[in-house]
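Enquirer: when you get a sec, could you give me coordinates for this:
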Amino acid sequence: MSSTRVECPNCHRQTIKGKFCIYCGYTLEAPPQPPKPAAVEEVEQPSEQLPEIVAEAPQPTEAAPPTPSEDVAVEEKRLVDQLSSVYSWYFRLIDLFLEREADLEVFKELFNEYRTRLKNLNERREAEINKIEEKINNLNAQLDKLRVKHEIGEIPDRQYITQKLEMDREIGRLRPKLMFLRNPFNIRLGDLPAFKSQVEERLNRVKNNGRELGLTDDIINQIEEDNTAVLKVIEVLMEQHHKIRKELNKLELRYKIGELKQSEYLSLKQKLERQLEMPGG
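Expert: Got it, this is the predicted structure:
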């Protein structure tokens, strides 16, 4: 296989010279032009016999951005929906108790019930996350192996591109599921900072006022354990939130400098802001 590199006119990356781009699959060789038909002498016809028919050219349409529901399986969505509901009840129960609107014995009973349900649901969620991560890791390993075989000439361009695109599609199908499962609260990325503050404030109130309201040290420790675990999950999600915010700041600065036109700036900004509207981004 030739090692000559050329620039792909589609993705603009340096690919091996051949029929197809090894990165995006674009055809590098121009297709043969069909022979032009011989000129035909036009015969003038009366306008009433041959009315002019103007066919409208089909307008290119932009595909709608994928939403989590399009890429996430029913079982995964059901699991996260159940988790987010129980978390909502769990947090609301603590808030009502701190406001002295819940009887201590009733609180303990519901508290233990919600904790058990959260534990079971989170174990299922973590098992699904591990399963998907293992699939993605295996696919990435297969992609590396495929790339090496292609570079040394064992696999031709067409076979490499076909297999690579199939693996890329599968990884693209798995990643939204992974991000969805990592957000058991089913909360928008843009709402994470406020949600985190609420969790921290609730935890501090329990530590400061719990004993005064009749909570035992065991229950206070359990609430602290639960909410510390919640904050760890939030921190993972916040990393994605920070990345998007950073890209938004960079984008705005590039626009102010004059590197980007207004249309480019608004288009890119809309795409980034759309990610903040989605759970897990």
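Enquirer: so where's the stretch 1-150 of the chain uncertain?
Expert: Along the stretch 1-150 of the chain, the parts satisfying pLDDT under 70 run over 1-3, 19-26, 29-72.
Enquirer: ok, which stretches of it are strands?
Expert: With DSSP state E, counting those that start in this stretch as the criterion, the stretch 1-150 of the chain has strands at 5-7, 14-16.
Enquirer: quick one: strands adjacent to the first one?
Expert: Each strand that pairs with strand 5-7, with its direction, by DSSP bridges: strand 14-16 (antiparallel).
Enquirer: part of a helix, is K177?
Expert: Yes. Assessed with DSSP: H, G, I helix; E, B strand; the rest coil, K177 lies in a helix.
Enquirer: just put the strands of the stretch 1-150 of the chain in a markdown table and tack on mean neighbour count.
Expert: All C-beta atoms are positioned from the backbone trio N, CA, C, and that covers glycine. As requested, the strands of the stretch 1-150 of the chain are arranged in a markdown table below (neighbours: other C-beta atoms under 10 Å):
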| stretch | mean neighbour count |
| --- | --- |
| strand 5-7 | 12 |
| strand 14-16 | 17 |
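Enquirer: could you dump these to JSON lines with distance to V106?
Expert: Below are these laid out as JSON lines (distance: least, C-beta to C-beta, whole Å):
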{"stretch": "strand 5-7", "distance to V106": "70"}
{"stretch": "strand 14-16", "distance to V106": "67"}
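Enquirer: need the three-state assignment for E154.
Expert: What three-state DSSP gives for E154 is coil.
Enquirer: for it, the count of nearby residues, please.
Expert: For E154, the count of nearby residues is 12 (other C-beta atoms under 10 Å).
Enquirer: picking up where we left off before, out of the strands of the stretch 1-150 of the chain, nearest to F195?
Expert: F195 lies closest, by C-beta to C-beta, to one member of the strands of the stretch 1-150 of the chain: strand 14-16, at 44.3 Å.
Enquirer: thanks a lot, see you next time.
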